[in-house]
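K.L.:
predicted model, plus sequence, below.
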Amino acid sequence: MFNVMGFMVAGIIIGYFFKQHKKLFKVIEKLNVWIIFLLLFSMGLSIGNNKHIIQSLDRFGTTAIIIGVAATVGSVLLSIPLYKFLFKRQSDK
């Protein structure tokens, strides 16, 4: 846990000092997307390799789908007013 927090704090500090390098951050944004895809793929491999999870899909599959859809819909619905609130406040300044 402390390793994760340490990396995050180090990233914040380095990002602060390199904030003028816009090209670097464009590359990092693209790299972040591919890293997320790689993480999702590796999670899929781990789940596909776990016999217990695969055998339990018929019991947990429907519930997992409902929870996933509800979480996604809830996130989208709540992020819209938050986005409007944050950007309205920035444009007022």
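P.N.:
Structure received. Since the structure is predicted, the reported quantities are computational estimates derived from the model, not experimental observations.
K.L.:
just the strands in the chain please.
P.N.:
Using DSSP state E, the chain contains no strands.
K.L.:
where does pLDDT dip in it?
P.N.:
Applying pLDDT under 70 to the chain flags residues 89-93.
K.L.:
what do you get if the cut-off is 90, keeping everything else the same?
P.N.:
When residues are selected by pLDDT under 90, those of the chain lie in 1-2, 15, 18-26, 28-29, 47-48, 51-65, 68, 80, 82-93.
K.L.:
for it, just list every one of the helices.
P.N.:
For the chain, the helices defined by DSSP state H occupy 2-17, 22-49, 51-55, 57-92.
K.L.:
redo those as JSON lines? Include mean neighbour count.
P.N.:
Placement of C-beta: from N, CA and C, glycine included. Listed next are the helices of the chain as JSON lines, based on neighbours: other C-beta atoms under 10 Å:
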{"stretch": "helix 2-17", "mean neighbour count": "9"}
{"stretch": "helix 22-49", "mean neighbour count": "10"}
{"stretch": "helix 51-55", "mean neighbour count": "9"}
{"stretch": "helix 57-92", "mean neighbour count": "10"}
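K.L.:
stretch 10-19: how far from the chain's middle?
P.N.:
Between the centre of stretch 10-19 and the centre of its chain there are 20 Å (C-alpha atoms, centre = their mean, to the nearest Å).
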